[in-house]
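A.B. asks: Sequence first, predicted coordinates after that:
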Amino acid sequence: MSGQLLDGKALAKTIKTELAGEVVEFIENNSTVPKLAAVLVGDDAASDVYVRNKRRACEQVSIESELHRLPADTTQEDLLNLVARLNKSIEVHGILVQLPLPNHIDTTKILDAIHPRKDVDAFHPENVGRLSQGRPRFLPCTPNGVMQILHRHEISTAGKHIAIVGRSDIVGKPLAMMMAQKTSHLGPDAANGTVTLCHSRTTDLASVTRQADILVAAIGVPKFITAEMVKPGAAVIDVGINRTEDGLVGDVDFDAVREVAGAITPVPGGVGPLTVAMLMQNTLTAARLQVGCE
């Protein structure tokens, strides 16, 4: 019997409808429209699609957006100057620098230059530190999307063994911190997990993943997680987005794993739409912070 399909696209639509109401109320009470500034350097096709999706989401929830499109040969100094201008702008509440950046630009320096209260991707070290202490200003978008999918499908993390395959700063590490906390913005059932953070040096990876009640794949390798690596009845969350000759595929061998899993996210249409919805939530939070509502 096939596992339950966890439809992130439908869930994102529901969350954005809820969020749109919050944005309207914020605008009415503060005479201020939340605004997201996106910065795109170069002409990477995938990045262009991601930015376009984020701008469309802004329109759907009544958040203003502006796009700063820069050529691939933009200098690091010019990009830092742009970030500085956006930091100073009282009209801009959130700043998003689309990754990856060209090789000649130091990504860490750029992300560190974004003001922590406008860091809607939650990459700034101050925001990462707050997350580690269980008092986040912003929640990282993709990890929060994973938490939303589980919570809204009544899949508790409390007391569960969770294996996360991939230790990136964007997904694996922050998600592990969130799941291991005593409580969360969604309550204690969306926390209190026993988390194993797996990576390329994990010995006998399959033996670890087969013990997991919840398995999160975020390693960036097409169809890496096979049915033999999954505990029967486990919830499998596929964060991967890989462009192949056959189209977009995740890090999970979807058709095979669905026959073993109790629940599974598709690619596309799983975590991706929730990531964008959480970015909208962070932009509203940033606006609230900057007008003194939070």
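C.D. replies: Right, received. Where do you want to start?
A.B. asks: so what's the closest residue to D251 other than its chain neighbours up against?
C.D. replies: The spatially closest residue to D251, leaving aside those adjacent along the chain, is G240, at 3.0 Å (CB to CB, 6 or more residues apart in numbering). The way it works is simple: take the backbone N, C-alpha and C, and place the C-beta from them, glycine included. Contact partners of G240, counting by CB atoms under 8 Å, 6 or more residues apart in numbering, are 217-222, 224, 249-252, 267.
A.B. asks: can you list the domains in this protein?
C.D. replies: Split into domains by automatic domain parsing, the chain comes to 31-117, 140-272.
A.B. asks: Tell me which of those is the most buried.
C.D. replies: Comparing the domains of the chain on average neighbours per residue, with mean count of other CB atoms under 10 Å, the densest one is domain 140-272 at a mean of 20.
A.B. asks: Strands of the stretch 1-150 of the chain, residue ranges please.
C.D. replies: 4-5, 35-41, 64-70, 94-97 (DSSP state E, counting those that start in this stretch).
A.B. asks: Return the distance of the first one from the chain's centre.
C.D. replies: Going by CA atoms, centre = their mean, to the nearest Å, the spacing between the C-alpha centre of strand 4-5 and its chain's C-alpha centre is 21 Å.
A.B. asks: what does it contact?
C.D. replies: Residues contacting strand 4-5 (CB under 8 Å, 6+ apart): 153, 258, 262-266.
A.B. asks: before we move on, what about stretch 260-269?
C.D. replies: When contacts are defined by CB under 8 Å, 6+ apart, stretch 260-269 is touched by residues 3-9, 149, 153, 155, 227, 230-238, 240-241, 248-250, 252, 254, 257-258, 271.
A.B. asks: Render the CA-only coordinates of that stretch in PDB, please.
C.D. replies: Only the C-alpha atoms of stretch 260-269 are listed here, as PDB (Å, rounded to 0.1, in the frame of the first residue of the first chain):
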ATOM      1  CA  VAL A 260       7.500   1.400   2.000                       C
ATOM      2  CA  ALA A 261       6.900   4.800   3.700                       C
ATOM      3  CA  GLY A 262       3.800   5.700   5.700                       C
ATOM      4  CA  ALA A 263       3.900   9.200   4.300                       C
ATOM      5  CA  ILE A 264       6.100  11.000   1.700                       C
ATOM      6  CA  THR A 265       6.500  14.400   0.000                       C
ATOM      7  CA  PRO A 266       6.700  14.600  -3.800                       C
ATOM      8  CA  VAL A 267       9.200  16.600  -5.900                       C
ATOM      9  CA  PRO A 268       8.100  19.000  -7.200                       C
ATOM     10  CA  GLY A 269       5.200  20.000  -5.000                       C
END
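A.B. asks: For the residue lying closest to P125 once chain neighbours are set aside, give its distance to S47.
C.D. replies: Counting by CB to CB, 6+ apart, D112 is the residue found nearest to P125 once chain neighbours are left out, at 6.7 Å. As judged by CB to CB, to the nearest Å, D112 and S47 stand 20 Å apart.
A.B. asks: repeat for I237
C.D. replies: 24 Å.
A.B. asks: hey, where'd the strands end up in the stretch 151-294 of the chain?
C.D. replies: 161-165, 194-198, 214-217, 235-238, 242-244, 247-249, 263-264.
A.B. asks: Now tabulate the ones you listed in CSV and tack on mean pLDDT.
C.D. replies: Formatted as CSV, the strands of the stretch 151-294 of the chain follow (pLDDT from 0 to 100):
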stretch, mean pLDDT
strand 161-165, 98
strand 194-198, 98
strand 214-217, 98
strand 235-238, 98
strand 242-244, 91
strand 247-249, 91
strand 263-264, 98
